[in-house]
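Q: Would you be able to build a 3D model of this:
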Amino acid sequence: MAVVKEFTLPDLGEGLTEAEIVRWLVEVGEVVAIDQPVVEVETAKAVVEVPCPYGGVVTARFGAEGDTLDVGRPLVTVAVGSHSDAAGNPVGSDAPSDSDASGGGADEGSGNVLVGYGTGTAVARRRGRVRAVDGSVQAAVSVTEVPVAGAPVADGPVAVISPLVRRLAREHGLDLRDLAGTGPDGLILRADVERAVAAPAAPAPAPAPAPAPAGEERVPLRGVRGTVADKLARSRREIPDATCWVDADATELLAARAAMNASGGERISVLALFARIVTAGLARYPELNATVDTERREIVRLPAVHLGFAAQTERGLVVPVVRDAHTRSTAGLSAEIGRLTEAARTGALTPRDLTGGTVTLNNYGVFGVDGSTPILNHPEAAMLGVGRIAPKPWVHQGELAVRHVVQLSFTFDHRVCDGGTAGGFLRFVADCVESPAVLLAAV
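A: Residues are numbered from 1 along each chain as shown. Got it, this is the predicted structure:
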């Protein structure tokens, strides 16, 4: 006998509590195997496919594409047990035991919903079932209306006998139809009126919202955009940031990159060169690779550099993280940045790719602008900004010449250091840009 099992949205990790349905990968009535992906969802971190831990026939899907579900809410129901596929082979070989049928196996699964997250017991914050949008099996929601004893009647005669009760209500501006009588058959007594007089007045209803102007559009802050908004707002509230700038002649840096790429092997990107310079600068100024524990009022200096870099995608701004950037060569940094950039473009970044950064590199020059005062990526304490590299008049070796100039900005948390440290770091970065030999001395 088939048993219908409900598969709920699992905990996707990193503190995520909801996900938006991007695309269904199965139809109602379709046979699915254990650990077969059934839906593609977008969390605040990434787009992921969610595999179902049960094998059988899909009997219902919950939620339409574009709907947002909380963790623990139903995704699909699967009939497991006696069903067979088109070839006559049984599906759902994990036939339930008697204990499963009685609910004891409701929390069992393959354990492979998402690598690193598992299919454990669903979160207990379920607020009710989501309507099944299609399929022969509908989610049953049992709602029982419980009558309230002594509820007031909207129409008809008022259950009042005593003129004293009527006068008392009139003197205090009470409508007897709004009162619930506690006497026999709902009779309104003097005590009911006195109780209503002593009760605090109900708050006035909130005014109706003004109608939206013609042509106004409201876009929900959810998914990646909602997470970015929350994080930037928190950063602006909590972190006393400051920014300093410097212009640098990047001509020699570009020449060094051209020489590296001419020698064959892994091509080196400009962003990778700046990443290498940042890791060298943090080795000299390690106090910038830090965060602030506000509850304990402590600066936490971090031993490893996990370098994030801002990337603009169709789904919004994301910050992939190059882990252990301080241990990688320039070629290794270039390869990893390239991999993460491609994953960001295709929406294949995992939550781990987007978390754990300690410092951010922001290349806003790709937008054709020179400078910016970016908001720190909370809870990080430092961000290097790189503007466009453009030919400009520049005094070089005592003569006016056209050189490739870049504007660098450095935004930092003023709680972790003073301006002298931030200025020293930015000056070191500019020196490496202008004379790459300085970088060789630092490695």
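
Q: Is Thr243 in a helix, a strand, or coil?
A: Under DSSP: H, G, I helix; E, B strand; the rest coil, Thr243 falls in the strand class.

Q: Show me what it bridges to in the sheet.
A: For Thr243, the beta-bridge partners are Thr411 (DSSP bridges).

Q: just for the stretch 101-250 of the chain, where's the confidence low?
A: Along the stretch 101-250 of the chain, segments meeting pLDDT under 70 span 101-163, 185, 201-206.

Q: ranges for the helices of it?
A: 163-171, 190-198, 223-238 (DSSP state H, counting those that start in this stretch).

Q: Would you reformat these as JSON lines and include mean neighbour count and distance to Arg276?
A: For every residue, glycine as well, the C-beta is placed using N, CA and C. Output for those, formatted as JSON lines (neighbours: other C-beta atoms under 10 Å; distance: least, C-beta to C-beta, whole Å):
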{"stretch": "helix 163-171", "mean neighbour count": "14", "distance to Arg276": "82"}
{"stretch": "helix 190-198", "mean neighbour count": "15", "distance to Arg276": "75"}
{"stretch": "helix 223-238", "mean neighbour count": "15", "distance to Arg276": "26"}
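
Q: which stretch among those comes nearest Arg23?
A: helix 223-238 (14.1 Å; C-beta to C-beta).

Q: And the closest one, what does it pack against?
A: Packing contacts for helix 223-238, counted by 3 or more C-beta pairs under 8 Å, 6 or more residues apart in numbering; DSSP states H and E, involve strand 316-318.

Q: which parts of the strand it packs on are buried?
A: Buried positions in strand 316-318, judged by neighbour count with 16 or more other C-beta atoms under 10 Å: Val318.

Q: for that strand, packing partners?
A: Judged by 3+ C-beta pairs under 8 Å, 6+ apart, the packing partners of strand 316-318 are helix 223-238.

Q: how far does the helix it packs on sit from the chain's center?
A: 10 Å (C-alpha atoms, centre = their mean, to the nearest Å).

Q: for stretch 251-258, same thing?
A: With C-alpha atoms, centre = their mean, you get 38 Å for stretch 251-258.

Q: quick one: contacts for the nearest residue to Thr313 once chain neighbours are set aside?
A: In space, and not counting its chain neighbours, Thr313 is closest to Ala344: 5.2 Å by C-beta to C-beta, 6 or more residues apart in numbering. Residues in contact with Ala344 (C-beta atoms under 8 Å, 6 or more residues apart in numbering) are Ala311, Thr313, Val318, Pro320.

Q: Quick check: Ala344 is in a helix.
A: Yes. Checked against three-state DSSP, Ala344 lies within a helix.

Q: What separation do you get for it and Val32?
A: Separation of Ala344 from Val32 (C-beta to C-beta, to the nearest Å) stands at 30 Å.

Q: before we move on, the earlier item: dump the contacts of Ala344 to a markdown table, plus pLDDT.
A: Output for the contacts of Ala344, formatted as a markdown table (pLDDT from 0 to 100):
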| residue | pLDDT |
| --- | --- |
| Ala311 | 87 |
| Thr313 | 81 |
| Val318 | 87 |
| Pro320 | 95 |
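
Q: ok but Ala390 is inside a helix, no?
A: No. Assigned with three-state DSSP, Ala390 falls outside any helix and is strand.

Q: beta partners for the residue lying closest to it once chain neighbours are set aside?
A: Leaving aside its chain neighbours, Ala390 sits nearest to Val405 (6.5 Å; criterion: C-beta to C-beta, 6+ apart). Counting by DSSP bridges, Val405 is bridged to Asp249, Ala390.

Q: from memory Val405 sits against Ala248, does it?
A: Yes. Contact between Val405 and Ala248 holds when scored by C-beta atoms under 8 Å: they sit 7.1 Å apart.

Q: Restricted to buried residues, select the contacts of Ala344 in ChimeraX.
A: The following ChimeraX line selects those of the contacts of Ala344 that are buried, judged by 16+ other C-beta under 10 Å:
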select :311,318,320
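
Q: out of the contacts of Ala344, who's nearest Val71?
A: The closest of the contacts of Ala344, once distances to Val71 are taken by C-beta to C-beta, is Val318, at 21.3 Å.

Q: what's across from that closest one in the sheet?
A: Going by DSSP bridges, Val318 forms beta bridges with Ala311.

Q: who's in contact with it?
A: Val224, Ala310, Ala311, Ala344, Leu349, Leu354.

Q: could the residues you listed be laid out in CSV, adding distance to Cys52?
A: Listed next are the contacts of Val318 as CSV, based on distance: C-beta to C-beta, whole Å:
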residue, distance to Cys52
Val224, 25
Ala310, 35
Ala311, 31
Ala344, 27
Leu349, 23
Leu354, 25
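
Q: any idea which of those is closest to Pro53?
A: Nearest to Pro53 among these: Leu349, at 24.0 Å, using C-beta to C-beta.

Q: rewinding a little: of Val405 and Ala248, which one has the most company?
A: Applying other C-beta atoms under 10 Å to Val405 and Ala248 shows that Ala248 carries more neighbours, namely 24 against 20.

Q: Which pLDDT value goes with the residue nearest to Ala390?
A: If you check Val405, the pLDDT there is 98.

Q: same check, this time on Val369
A: Reported pLDDT for Val369: 94.

Q: For it, what is the enclosing helix or strand?
A: Assigned by DSSP states H and E, Val369 falls within no helix or strand.

Q: which ones are touching it?
A: Going by C-beta under 8 Å, 6+ apart, Val369 touches Gly387, Arg388.

Q: what about it, distance to Val386?
A: Distance from Val369 to Val386, counting by C-beta to C-beta: 11 Å.

Q: got it, and Leu232?
A: Taking C-beta to C-beta as the measure, Leu232 and Val386 are separated by 20 Å.

Q: if I pick the nearest residue in space to His172 that is not next to it in sequence, what's in contact with it?
A: Counting by C-beta to C-beta, 6+ apart, His172 lies nearest to Val197, which is 4.9 Å off, once chain neighbours are set aside. Contacts for Val197 (C-beta under 8 Å, 6+ apart) come out as Leu168, His172, Leu174.

Q: The last one: neighbour count?
A: Neighbours of Leu174 under the rule other C-beta under 10 Å: 16.

Q: how about it, what does it touch?
A: Contacts for Leu174 (C-beta under 8 Å, 6+ apart) come out as Val193, Ala196, Val197.

Q: mind running it again at 7 Å?
A: By C-beta atoms under 7 Å, 6 or more residues apart in numbering, the residues touching Leu174 are Val193, Ala196.

Q: quick one, phi/psi of it?
A: Note on Leu174: backbone dihedrals following degrees, to the nearest 10 are phi -100, psi 140.

Q: list the buried ones in stretch 277-295?
A: Neighbour-count burial for stretch 277-295, counted by 16+ other C-beta under 10 Å, picks out 277-282, 285, 287-292.

Q: let me fix that: stretch 25-34
A: Leu25, Val26, Val28, Val31, Val32, Ile34.
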